[in-house]
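Peer 1: Next comes the sequence, and after it the predicted model I'd like to discuss.
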Protein chains: 2
Amino acid sequence: MTATEQDPGTRLPGAQCDVCSLHGVCLTQDLSADALERLDSMLDQPSPLKRGESLITQGNAFTSLYLVRSGSLKQVVRPLGQELEHVVGFYLPGETVGLEGIGESHCPASVVAMETTFVCELPYARLSELYCNNPSLSESLLHRMSRELRGEKRQLCLMSGRTAEQRLAGFLLGLSERFQQRGCSRYRFRLAMSRGDIGSHLGLALETVSRVLGRFQRQGVIQIATRELTILSLEGLRAILEEH
Amino acid sequence: MTATEQDPGTRLPGAQCDVCSLHGVCLTQDLSADALERLDSMLDQPSPLKRGESLITQGNAFTSLYLVRSGSLKQVVRPLGQELEHVVGFYLPGETVGLEGIGESHCPASVVAMETTFVCELPYARLSELYCNNPSLSESLLHRMSRELRGEKRQLCLMSGRTAEQRLAGFLLGLSERFQQRGCSRYRFRLAMSRGDIGSHLGLALETVSRVLGRFQRQGVIQIATRELTILSLEGLRAILEEH
DNA sequence: CGGATTTTTGATGATTTTCAATATGAGTGG
DNA sequence: CCACTCATATTGAAAATCATCAAAAATCCG
């Protein structure tokens, strides 16, 4: 069903989670039938974002969580009194966007589409009414947040005391795993983010990212044509990650 | 060995949150009177941890959250197939320990006391029963996790594309703010963590930490005698953080 | 097809790590 | 309470990784 982008009024009644292919990896995955039905009915489906458009803008009022349907986004923070932006995370289909705004009046980070992206919108006010009666929903949310927390700790490890090669290897392995969980190939996928985005995320200069990817290719562990990546040796990447 | 198993006999009936000086910064802060009473009654008070003892051991079963009463702890991750440990966080009184284990069977990280430390133990099984009837409790938990998430993103920014001086400045400013929130001086406090811990947390060699702290002292923004820190110029630290 | 963005590649330099030695501090037992 | 020992912290010199600057090549998009 192609939503008419000019007309935000035409939206389906709910998101029809039960027939959504992402149901198994989405926030909705472990909900009771009752909770799922209620959650579904409160999901909005805004028109798709184009590359570069913001889903969330840092400093704006926090109102909603978002579930990624297709496409991908990056989360970006501009620290106080700083010119430069830092990429602090990427979101793939099935992932929950906006958790770091819960309990805050304003969004602490921006979230920007890296390609054409569809999301479901989940107004937080409705949600918090709902989980009064649905412990399974608040548990699901807690689990999501806990998982994101683990992801951040993992990222911190990756950036602490590791070489550029180890960081890139860890990054690619992480992406590979996430794609696999979503039913995509873990060996072959498109990087929606630029070298600059990757560098910012890993604490490296974009030139370093480019050079290390080139080195990986020459070593035969990956093949990469601009943003089309093929992992030739998962083991090779793991070895690099665990080097020394 | 976990001190929580040592002396289960001597425990008060509940933690008496209502008279606890940390009530205003603890998980308990925004609970309804009813929820607070119930939560209080399910808190255990294990015997204190001595410096170096583990509250949580990576890989062990996840069973409880902990609320820090006094002292401080560090969270440590040993990535798969790696010798080296990474410090991914520090916990001060009033903070909630163990959130990243929610929804997991095993703890993804260890948490170790950096000095003599008292905690309240909150068995997660009891907790999850409770928040079926107490939405205010699940909201409090969500807010805590969201806050920790924001802290991690902040940490990622600090480690991405910043000099050693900026990282240290940001680290000290963050600590200062947290001490102030706990009613301590924001200008004068004791660093419970070693130079090595700080370095691991910031992605720096311990020698670099030592050198930069020395530089800060010579510049007159701090005064530091081993672990006794005095911030002479908050503005100076902020200027360093935002440099360039 | 053409302009703009992104990526690659090279040369240089600076920050930070590493190695090593010393100094200081904390904890322990006599 | 002091001496002793282990852990932690400081400081120096050398090496290495990575950032920066600069320019060319490739890719994307309308």
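Peer 2: Structure's in. What do you need?

Peer 1: model confidence over the longest helix along chain A, on average?
Peer 2: Ranked by residue count, the top helix of chain A under DSSP state H comes out as helix A:135-159. Here helix A:135-159 scores 94 as its mean pLDDT.

Peer 1: Pull the very next helix or strand once past it out as PDB, backbone CA atoms only.
Peer 2: Following helix A:135-159 in sequence order, the next helix or strand is helix A:164-181 (DSSP states H and E). The C-alpha trace of helix A:164-181 is given here as PDB (Å, rounded to 0.1, in the frame of the first residue of the first chain):
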ATOM      1  CA  ALA A 164      41.300   2.000  14.100                       C
ATOM      2  CA  GLU A 165      41.400  -1.500  12.600                       C
ATOM      3  CA  GLN A 166      39.800  -3.100  15.700                       C
ATOM      4  CA  ARG A 167      37.100  -0.500  15.800                       C
ATOM      5  CA  LEU A 168      36.200  -0.900  12.200                       C
ATOM      6  CA  ALA A 169      36.200  -4.700  12.500                       C
ATOM      7  CA  GLY A 170      33.900  -4.500  15.500                       C
ATOM      8  CA  PHE A 171      31.700  -2.100  13.800                       C
ATOM      9  CA  LEU A 172      31.300  -4.300  10.700                       C
ATOM     10  CA  LEU A 173      30.700  -7.400  12.800                       C
ATOM     11  CA  GLY A 174      28.100  -5.600  14.800                       C
ATOM     12  CA  LEU A 175      26.300  -4.400  11.700                       C
ATOM     13  CA  SER A 176      26.500  -7.900  10.200                       C
ATOM     14  CA  GLU A 177      24.900  -9.400  13.300                       C
ATOM     15  CA  ARG A 178      22.100  -6.800  13.300                       C
ATOM     16  CA  PHE A 179      21.300  -7.400   9.600                       C
ATOM     17  CA  GLN A 180      21.200 -11.200  10.200                       C
ATOM     18  CA  GLN A 181      18.700 -10.700  13.000                       C
END
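
Peer 1: buried residues in helix A:164-181?
Peer 2: By 16 or more other Cβ atoms under 10 Å in any protein chain shown, the buried positions in helix A:164-181 come out as A:164-176, A:178-179. From N, CA and C alone the C-beta is placed, and that goes for glycine too.

Peer 1: now do stretch A:32-51
Peer 2: Quick answer for stretch A:32-51 (16+ other Cβ under 10 Å): A:35-36, A:38-40, A:42-46, A:48-49.

Peer 1: Stretch A:103-110 too?
Peer 2: A:103, A:107-110.

Peer 1: Can you tell me how far A:His244 is from chain B?
Peer 2: 9 Å (Cβ to the nearest Cβ, to the nearest Å).

Peer 1: no, scratch that, I was asking about A:Val119
Peer 2: From A:Val119 to chain B the distance is 19 Å (Cβ to the nearest Cβ).

Peer 1: And the closest residue to A:Thr57 other than its chain neighbours, what's its pLDDT?
Peer 2: Leaving aside its sequence neighbours, A:Thr57 sits nearest to A:Ser110 (Cβ to Cβ, 6 or more residues apart in numbering or on different chains; 5.3 Å). A:Ser110 is assigned a predicted lDDT (pLDDT) of 97.

Peer 1: Could I get the contacting residues of the residue nearest the centre of chain A?
Peer 2: Chain A has A:Tyr91 as the residue nearest its centroid, 0.9 Å off, counting by Cα atoms, centre = their mean. Residues in contact with A:Tyr91 (Cβ atoms under 8 Å, 6 or more residues apart in numbering or on different chains) are A:68, A:72-75, A:97, A:111.

Peer 1: hey, what's it bridged with?
Peer 2: Beta-bridge pairing of A:Tyr91 under DSSP bridges involves A:Leu73.

Peer 1: Going by distance to chain B, which of the buried residues of helix A:164-181 wins?
Peer 2: Using Cβ to the nearest Cβ, A:Gly170 comes nearest to chain B of the buried residues of helix A:164-181, at 8.8 Å.

Peer 1: Chain A against DNA strand C: which residues are in contact?
Peer 2: A:161, A:194-196, A:206-207, A:209-211, A:213-214, A:224, A:226-227 (Cβ under 7 Å from any atom of the strand).

Peer 1: For A:Glu53, grab the count of nearby residues.
Peer 2: A:Glu53: 12 surrounding residues under other Cβ atoms under 10 Å in any protein chain shown.

Peer 1: ok, for it, nearest residue in space, not its chain neighbours?
Peer 2: That would be A:Ala113: by Cβ to Cβ, 6+ apart, it lies 5.2 Å from A:Glu53.

Peer 1: So which of the buried residues of helix A:164-181 is the closest to A:Ile56?
Peer 2: Nearest to A:Ile56 among the buried residues of helix A:164-181 is A:Arg178, at 20.4 Å by Cβ to Cβ.

Peer 1: and the closest residue to that closest one other than its chain neighbours, how many neighbours?
Peer 2: Nearest-residue entry for A:Arg178: A:Leu92, 5.5 Å, with adjacent residues in sequence omitted and distances by Cβ to Cβ, 6+ apart. Residues near A:Leu92, counting by other Cβ under 10 Å, number 20.

Peer 1: I'd assumed A:Val68 was in contact with A:Leu92.
Peer 2: Yes - judged on Cβ atoms under 8 Å, A:Leu92 makes contact with A:Val68 at a distance of 6.4 Å.

Peer 1: OK, contacts around the spatially closest residue to A:Ser160 that is not a sequence neighbour?
Peer 2: Leaving aside its sequence neighbours, A:Ser160 sits nearest to B:Gly203 (Cβ to Cβ, 6+ apart; 4.1 Å). By Cβ under 8 Å, 6+ apart, B:Gly203 lies in contact with A:159-161, A:203, B:159, B:167.
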